[in-house]
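Engineer: Pasting the sequence and the predicted coordinates here, then a few questions.
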Amino acid sequence: MNFDSSYGVVIHRNFIPLYADDKYAQLFGYQSAQEILNLSSILELVEPDARDIAKHTYYALMSGFEQPQVRNYTNCNRNGEMMQVLAIEHIVEWQGLPALQITIVNLTNQMQIRQQLQASEKRYRQLVDGSIQGVLVHQNFKPVFCNQAYADILGFEKPDSILVLDSILEVIAPEWREQRQKAYQHLLNNKLTANKVQIKCIRQDSSEVWVSLIESPIIWEGEPAAQVALTDITEQYQLQQRLEHLANIDELTQLFNRRAFIEKFTKYRHQFEVNHPYYCLLMDIDNFKVINDTYGHLVGDQVITSLASVCQKCCTEEDILARWGGEEFVMVFPANDHLHAIKRVNALQQLNALQVTHPQQAQTIQFTASFGLTNWRQNDTLDTILHRADKALYQAKAQGKNQVASDF
Ligand SMILES: Nc1nc2c(ncn2[C@@H]2O[C@H](COP(=O)(O)OP(=O)(O)OP(=O)(O)O)[C@@H](O)[C@H]2O)c(=O)[nH]1
């Protein structure tokens, strides 16, 4: 409490003023102490409803039934405005007889500020409680505040069920926990003012929920803490995943499509220059038109998917494999040298999985493919390397198909 407020002193006997200082007078809107002394009773400075209590208290004090105390009163000033005051009582001797000295401290401003603060806290609470955005405050992941929306998003019945958790990391999917711990440290070390991420959380019933989260530093009960605003974006995330899938994945083979290949090629291009030598392979199913014409398009599709799955099985994490279009596939992969690269292609070519069974006629249809191989060279672009691979492929076709031709 701030005692920097103005205070004034009055001495009265049965509310007849005997002494007052100027400060007391000014507190009640008078110019000088004399104006107070001119009043017939200072009871008129007490709020009308409280006058009986004031009289009762006076008699109780003067007859020794009550000890002098510090009390809160509502007084009113000369203009009828209410004032919240603290009254400090002392029994003193005045001209040989007991009288009551009261030191008045005006707390009106402080009370108003406190009321405004309480009102604003109430408004903030209503805002947070009614928000559809989850709000959580945690100190080193120990939850200290949580609203209903936060509990709802994570499938908990009420905020209290969250507040009893030892650590809010429990609701974050394991693969995201380390990242959140680092972000919190950065936040506390002032390296981040706020951070926004999309992460996966685990609801109480073990189902997954994708959330967008903004975490910012705050002080909570004098200690550093983080405030988290949480929005459920599961639907949006799934839609985004679906769109990304549609944009990048070839529907028939489930391999990357041409668009995704170009994107990956551009992204990883710098690796082709520094790491192992890289190679580019174009492959094309032989006499595919005949297969289509003889067995129908569905069998043709089966042949395409069969080659795609064979290639996929032979791929490592570092390889980029895609359906370039029609019955043509492209692959970029690292190898130790030319010999190693050719060996990898031969492995593809010789897989006897290159056959499909006709759905109706239970007939096995064999097919082959031709391969054009080239190595990554300095200053290559996608166009230049594909051009050489295509030339090599043309050569393999011209030399009788079902073989690998290379341009090193
Ligand atoms: N079933 C099926 N056929 C396709 C698809 N995409 C392209 N084709 C067909 O693939 C055939 C490609 O024929 P060509 O380019 O003449 O090649 P090819 O018959 O394999 O001849 P070579 O390459 O010289 O061995 C065309 O008949 C296209 O209609 C597809 O997704 N499914």
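Structural biologist: In hand now; what should we look at?

Engineer: in this protein, which spans are helices?
Structural biologist: Counting by DSSP state H, the segments of the chain that form helices are 22-27, 33-37, 51-62, 108-130, 148-153, 159-163, 174-188, 234-248, 258-274, 288-295, 297-314, 338-350, 382-398.

Engineer: is it possible to export those to TSV including mean pLDDT, distance to the ligand and mean neighbour count?
Structural biologist: Where C-beta positions appear, they are placed from N, C-alpha and C, glycine not excepted. Listed next are the helices of the chain as TSV, based on pLDDT from 0 to 100; distance: least, CB to the nearest ligand atom, whole Å; neighbours: other CB atoms under 10 Å:
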stretch	mean pLDDT	distance to the ligand	mean neighbour count
helix 22-27	94	93	20
helix 33-37	96	103	17
helix 51-62	93	95	15
helix 108-130	81	55	12
helix 148-153	94	44	20
helix 159-163	94	52	17
helix 174-188	92	37	15
helix 234-248	92	17	12
helix 258-274	85	13	14
helix 288-295	90	3	15
helix 297-314	89	3	18
helix 338-350	86	14	16
helix 382-398	95	5	18
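
Engineer: In the stretch 301-408 of the chain, what residue comes closest to the ligand?
Structural biologist: The minimum distance from the stretch 301-408 of the chain to the ligand, using CB to the nearest ligand atom, falls at G326 (3.5 Å).

Engineer: For that residue, list the residues it contacts.
Structural biologist: F288 (CB atoms under 8 Å, 6 or more residues apart in numbering).

Engineer: Tabulate the helices of the chain (CSV), appending distance to M331.
Structural biologist: Below are those laid out as CSV (distance: least, CB to CB, whole Å):
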stretch, distance to M331
helix 22-27, 90
helix 33-37, 100
helix 51-62, 94
helix 108-130, 54
helix 148-153, 43
helix 159-163, 49
helix 174-188, 29
helix 234-248, 16
helix 258-274, 9
helix 288-295, 18
helix 297-314, 7
helix 338-350, 9
helix 382-398, 10
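
Engineer: Ok, which of these comes nearest A87?
Structural biologist: helix 51-62 (9.3 Å; CB to CB).

Engineer: ok, residues contacting that closest one?
Structural biologist: Residues outside helix 51-62 that contact it (CB under 8 Å, 6+ apart) are 14-15, 43, 46, 65-68, 71, 73, 89, 91, 98, 100.

Engineer: got the end-to-end distance for stretch 183-193?
Structural biologist: The straight-line separation of the ends of stretch 183-193 (CA to CA, to the nearest Å) is 10 Å.

Engineer: Return the distance of that stretch from the chain's centre.
Structural biologist: In terms of CA atoms, centre = their mean, to the nearest Å, the centre of stretch 183-193 is found 14 Å from the chain centre.

Engineer: Looking at the stretch 101-250 of the chain, which residue is nearest the ligand?
Structural biologist: Nearest to the ligand in the stretch 101-250 of the chain, going by CB to the nearest ligand atom, is D250, at a distance of 9.2 Å.

Engineer: and that residue, backbone torsions?
Structural biologist: Dihedral pair for D250: phi -70, psi 130, per degrees, to the nearest 10.

Engineer: Just give me the neighbour total for it.
Structural biologist: For D250, the neighbour count with other CB atoms under 10 Å is 21.

Engineer: Distance of it relative to I285?
Structural biologist: D250 sits 15 Å away from I285, going by CB to CB, to the nearest Å.

Engineer: same check, this time on R377
Structural biologist: R377 is 28 Å from I285, by CB to CB.

Engineer: where's the residue of the stretch 101-250 of the chain closest to the ligand relative to E328, distance?
Structural biologist: Noted for D250: a distance of 12 Å to E328, by CB to CB.
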